Structure formats: C-alpha cells, structure tokens
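Chemist: Dropping a prediction and its sequence here:
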Amino acid sequence: MTDDAPLLSARGVTKWYGRRLGCRDVGFDLYSGEVIAIVGESGSGKSTLLRLLTRQADLDAGTVSYRMRDGRLRDLSALTDAERAVLRRTDWGFVHQDASFGLRMSVSAGGNIGERLMSAGARHYGDIRAEAGRWLARVEIDQARLDDTPDTFSGGMRQRLQIACSLVTGPRLIFMDEPTGGLDVSVQARILDLLRGLVVDLGLSALIVTHDLGVARLLSHRIMVMKAGEVIESGLTDRVLDDPREPYTQLLVSSILPA
Ligand SMILES: Nc1ncnc2c1ncn2[C@@H]1O[C@H](COP(=O)(O)OP(=O)(O)OP(=O)(O)O)[C@@H](O)[C@H]1O
C-alpha cells in the first residue's frame, strides 16, 4: 500500500430510517492531508453520513474503509469493536457542535485532555499534566484554567478544549460536526483561524459537516454538496463555490436556500 492510497474510502454508503432516507449511495475518497466539507441544507443527510463514516451508526448498504497505521486499507465493518475503539481513542479526533458530546463537563480541562492521553496509553501523571498544559496553550486557553471545569468555560473555550482533546493523541483524521455552530461571529472567526493553522501545521485530514459555506471555503480543499440524502455535486472548494454546476448548489451559494 503506497502513500497514494486514500486514508478513508466510502462506496455506496446508504442508510434508511424506516421508510425515510438518511443518505444513499455516497462514495468518495479522502486522502492524507486533505480536508473535505460536507454541505447542504438542514435534513440533507450530512450528520447521518458522518455517523456512518465513524460507525456510530450501521450502514444498510455500502462500505467504509480506512487505512490503518500499518498501511493496510481495512473495511471498518470487519474490525472488532476493540479495534474500532482504538481508532476512536487515538487515530481519530472529534469536534462536535455541542461540546458536552465531546467533553466531560464536570471534569477539569486538564483531566479531559489527560483522560484522552491515558486512553491512548500514557501513564506518567507529571508528563500528562505537562502535555495537557502545552495543549491548552496551543489552543490559546490560559494555562491557569487547567484545573477549571468546562462548564465554567465560554462556548468558544469549550470548542478550543474539544480541539485540544481530539488532537493530543496525534490523530490522522478529525471529524467535525458544525464546529463553530452557535458561536458569535467574532468567536467563530478566531476558532476557524486556529483550526486552519492546526490543520496546516499538523498535516491533518478532516471531514467537516457544516451548513456554513464560509467555514467550508476557509477550511476545505474539496466540497460535497448533499441534497435529500444524496451527493449531488462535488469538487474543489473554489470551483464548487465560484462556479456551481447544479441549480441546487447555485441556490445554496446565493443563500436563497436556508443552509
Ligand atoms: N435517528 C433518526 N431517526 C429517524 N430519522 C432520522 C434520524 N436521524 C436523521 N433522520 C432523518 O434523516 C434525514 C437526514 O438527517 P440528518 O440529520 O442526517 O441531516 P443534516 O443534513 O445533518 O441536518 P441538520 O443540518 O439539520 O443536522 C432527515 O430526513 C432526518 O429526519
């Protein structure tokens, strides 16, 4: 397996909720160092797709494969629960819109980062605490807040802490679901700046679900546009946003549709 092989590969990914379509026949390859944004209006299937890719929900049809650290592309369905858990704890990071999905709100900031480090095998208390402090600084949270709990943090600080927790184990792939949703515009801008810097510095791959085309423009190399559960257009971000081919994408870009 060469480095040209995709990191994540989806084929024919399909999910029904009873008779309601979640998503249908989605296929794409994500390469190392690449950021793909999944955009579309509310209910178009973005979060469903993300849950299927991370195997938080079962597929009705299709496959999702991931290139493991040993270079082998493995079908995620063929992994044991333990192997999937290791991926989630170490090689994948998650940033949720709702920080309470990604953080333990009554555990200190240092404890949140430390737990993730320990689940990846770290044992030495002093090292864990030092690493947690470094990561707080890296996401621009005052290290004096190391022992404070996230329920005393602002929304922006919680997102920064989620980012620190997800990156501390050196993951290769980050999944983000509306990472700046619900934040003030100025707070959003600073977090997007931080994310953009980290993605570049660490050479991360990421999949970002967003209804905000500005977020997609700033962070992603490629875009997939979803409508009613299907990917109706995909391509390089600038091409899709500056020269959308599908009438639906044109409406989305001109903000006529509620994104
Ligand atoms: N757990 C569920 N049970 C039943 N139907 C669901 C479930 N989750 C999603 N759906 C349906 O699947 C379709 C896609 O929803 P999904 O949440 O993936 O869209 P979305 O693009 O992420 O929307 P939003 O931006 O509002 O989160 C919708 O019709 C939704 O009602």
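Modeler: Cool, got the structure. Remember, it's a predicted structure, so these values are computed and weren't measured experimentally. Residues are numbered from 1 along each chain as shown.
Chemist: Tell me which residues are up against the helix or strand where residue 93 lies.
Modeler: Using DSSP states H and E, residue 93 sits in strand 92-96. Here strand 92-96 makes contact (Cβ atoms under 8 Å, 6 or more residues apart in numbering) with 54, 88, 101-102, 159, 162-163, 165-167, 169, 171-177, 179. No exception for glycine: its C-beta is placed from N, CA and C like everyone else's.
Chemist: same thing with stretch 177-196?
Modeler: Contact partners of stretch 177-196, identified using Cβ under 8 Å, 6+ apart, comprise 47, 50, 94-97, 139-140, 154-156, 159-160, 163, 176, 208-212, 215, 218-219.
Chemist: Now narrow these to whatever sits close to the ligand.
Modeler: 47, 211 (Cβ under 6 Å from any ligand atom).
Chemist: which of the contacts of stretch 177-196 are buried?
Modeler: Buried by 16 or more other Cβ atoms under 10 Å: 47, 50, 94-97, 139, 155-156, 159-160, 163, 176, 208-212, 215, 218-219, out of the contacts of stretch 177-196.
Chemist: Quick one: end-to-end distance for stretch 214-225.
Modeler: Using Cα to Cα, to the nearest Å, the end-to-end distance of stretch 214-225 comes out at 14 Å.
Chemist: Could you pull up the mean pLDDT of that stretch?
Modeler: What stretch 214-225 shows for mean pLDDT is 95.
Chemist: before we move on, back to that, now, the buried ones among the contacts of stretch 177-196 that are in helices?
Modeler: Here DSSP state H is the test, and the buried ones among the contacts of stretch 177-196 give 47, 50, 155-156, 159-160, 163, 215, 218-219 as lying in helices.
Chemist: Just the closest of these to the ligand, please.
Modeler: Among these, residue 47 lies closest to the ligand (Cβ to the nearest ligand atom), at 3.2 Å.
Chemist: which residue ranges form the strands in the chain?
Modeler: 8-17, 20-30, 35-39, 61-67, 73-75, 92-96, 173-177, 205-209, 222-227, 230-236 (DSSP state E).
Chemist: C-alpha coordinates for the second one, CSV please?
Modeler: Meaning strand 20-30. In CSV, the C-alpha atoms belonging to strand 20-30 read as follows (Å, rounded to 0.1, in the frame of the first residue of the first chain):
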residue,chain,number,x,y,z
ARG,A,20,-37.2,7.8,5.4
LEU,A,21,-33.9,8.1,3.6
GLY,A,22,-30.9,9.1,5.6
CYS,A,23,-28.4,9.0,2.8
ARG,A,24,-28.0,7.0,-0.4
ASP,A,25,-25.1,5.7,-2.5
VAL,A,26,-22.4,8.1,-1.2
GLY,A,27,-18.9,7.4,-2.4
PHE,A,28,-15.7,9.3,-2.1
ASP,A,29,-12.0,9.0,-1.2
LEU,A,30,-10.3,11.2,1.4
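Chemist: which helices and strands does it pack with?
Modeler: strand 8-17, helix 46-53, strand 61-67, strand 222-227, strand 230-236 (3 or more Cβ pairs under 8 Å, 6 or more residues apart in numbering; DSSP states H and E).
Chemist: Just want the most central residue of this protein.
Modeler: Of all residues in the chain, the one closest to the mean position by Cα atoms, centre = their mean is residue 175, 1.6 Å from it.
Chemist: residue contacts, it?
Modeler: Residue 175 sits next to 50, 53-54, 92-95, 206-207 when contact means Cβ under 8 Å, 6+ apart.
Chemist: Taking the residues you listed, tell me the two that lie furthest apart.
Modeler: Farthest pair in the contacts of residue 175 (Cβ to Cβ) is 53 and 95. Separation: 14.6 Å.
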